[in-house]
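Visitor: Sequence and predicted structure are below.
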Amino acid sequence: MAKIWKKEIIGKKTKVVDSKNKSLVGMNGNIIEETKNTITLSNKKKLLKSHVTLEIDGEIIEGKMLQKKPEDRIKKWKNKKTLELK
């Protein structure tokens, strides 16, 4: 079962390892913008999260697991992390 990626991804180097659009496979670059449903790479290509599988920091992540507002995804992780430390 896949986990929701709970880290900041802007600025991370990424590579498309699978996509519904096969011409995107192998594309790489730094993530410069993220919305709930899209990721924009440094080459100005917008990727639909629901259509791609990415490699970020050596981990393979299905784009579907990133489909949340970035601030909500990270905020929940930080709150859980704080609770676990207590």
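Guide: Yes, it's here.

Visitor: which residues touch residue 34?
Guide: Counting by Cβ atoms under 8 Å, 6 or more residues apart in numbering, residue 34 touches 9, 10, 40, 66, 70. C-beta coordinates here come from the backbone N, C-alpha and C atoms, glycine included.

Visitor: Show the contacting residues for the last one.
Guide: Shown here is residue 70, whose contacts under the criterion Cβ under 8 Å, 6+ apart are 8, 9, 10, 34, 35, 36.

Visitor: which two from those residues end up farthest apart in space?
Guide: Spanning the widest gap among the contacts of residue 70 are 8 and 36, at 15.1 Å by Cβ to Cβ.

Visitor: isn't residue 32 right next to residue 45, touching?
Guide: No. If you go by Cβ atoms under 8 Å, residue 32 and residue 45 don't touch, sitting 10.3 Å apart.

Visitor: okay if I get the contacts of residue 34 as JSON lines plus distance to residue 55?
Guide: JSON lines is the format used below for these (distance: Cβ to Cβ, whole Å):
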{"residue": "9", "distance to residue 55": "12"}
{"residue": "10", "distance to residue 55": "16"}
{"residue": "40", "distance to residue 55": "17"}
{"residue": "66", "distance to residue 55": "13"}
{"residue": "70", "distance to residue 55": "19"}
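
Visitor: Give me the neighbour count for residue 19.
Guide: 18 (other Cβ atoms under 10 Å).

Visitor: Residue 53 and residue 17: what is the separation?
Guide: 5 Å (Cβ to Cβ, to the nearest Å).

Visitor: shared neighbours, these two?
Guide: residue 60.

Visitor: Tell me which residues touch residue 20, please.
Guide: So residue 20 contacts 51, 52 (Cβ under 8 Å, 6+ apart).

Visitor: same thing with residue 15?
Guide: 26, 27, 28, 54, 55.

Visitor: Can you name the residues bridging to the nearest residue to the second one once chain neighbours are set aside?
Guide: For residue 27, ignoring the flanking residues on the chain, the nearest one in space by Cβ to Cβ, 6 or more residues apart in numbering is residue 16 at 4.7 Å. Each beta-bridge partner of residue 16 is listed here, defined by DSSP bridges: residue 54.
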